[in-house]
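> what's the 3D shape of this:
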Amino acid sequence: TLDGCQLLGYVRTRKIDNDFYRMERLQLIMKNMFDKLKKKNTFDLIVKNDENLKGLLKNVYTNMSDNEIISLLKVIKECKIEETLTVPINYETRTISTGNTVFSSDYAEDVRKMHEILYNDDSYELTDTALEVTDIHNMYIGK
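Residues are numbered from 1 along each chain as shown. Coordinates of the predicted model:
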């Protein structure tokens, strides 16, 4: 078991590998935290940890109220993480002045794939805005 500082160090380190392994570590930690939360009973999650939860929620910026977030905890046992996805899906790495950078090698396809996964719709056509962003992205990467 790691404490918070150790966990953060483990997840955020870049010295031992690269950003993709870093993202995999983060996904693994998030899945394990989620699984651990699911094992707790609702009373323990909400009532016993109410003060801790409210303290944590002070650091969360969202358009949901604290009560809406807390109500989601009531259904957490029904949820499961089936798959994780690292974005960009199609990528290249390049060395720039500050080090290596990762960028989408096919921005339009990444948008389509994410839409397919999120909305279970493989017939998505890029919007005008998505096409504009794709053009800017392609210009930026010299494509």
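
> before we move on, which element is the residue lying closest to residue 84 once chain neighbours are set aside in?
Distances taken as C-beta to C-beta, 6 or more residues apart in numbering place residue 27 nearest to residue 84, at 4.4 Å, with adjacent residues excluded. Glycine gets a C-beta too; all of them are placed from N, C-alpha and C. Assigned by DSSP states H and E, residue 27 belongs to helix 19-39.

> Mind giving me the packing neighbours of that helix?
helix 4-12 (3 or more C-beta pairs under 8 Å, 6 or more residues apart in numbering; DSSP states H and E).

> what packs against the helix it packs on?
helix 19-39.

> what about the residue nearest to the spatial centre of the chain, distance to residue 83?
The residue lying closest to the centre of the chain (C-alpha atoms, centre = their mean) is residue 27, at 7.5 Å. Applying C-beta to C-beta, to the nearest Å, the value for residue 27 to residue 83 is 10 Å.

> cool, residue 106 as well?
Here the distance between residue 106 and residue 83 works out to 20 Å (C-beta to C-beta).

> same check, this time on residue 130
Residue 130 is 23 Å from residue 83, where distance means C-beta to C-beta.

> What strand or helix carries residue 88?
Residue-wise, residue 88 maps onto no helix or strand under DSSP H and E.
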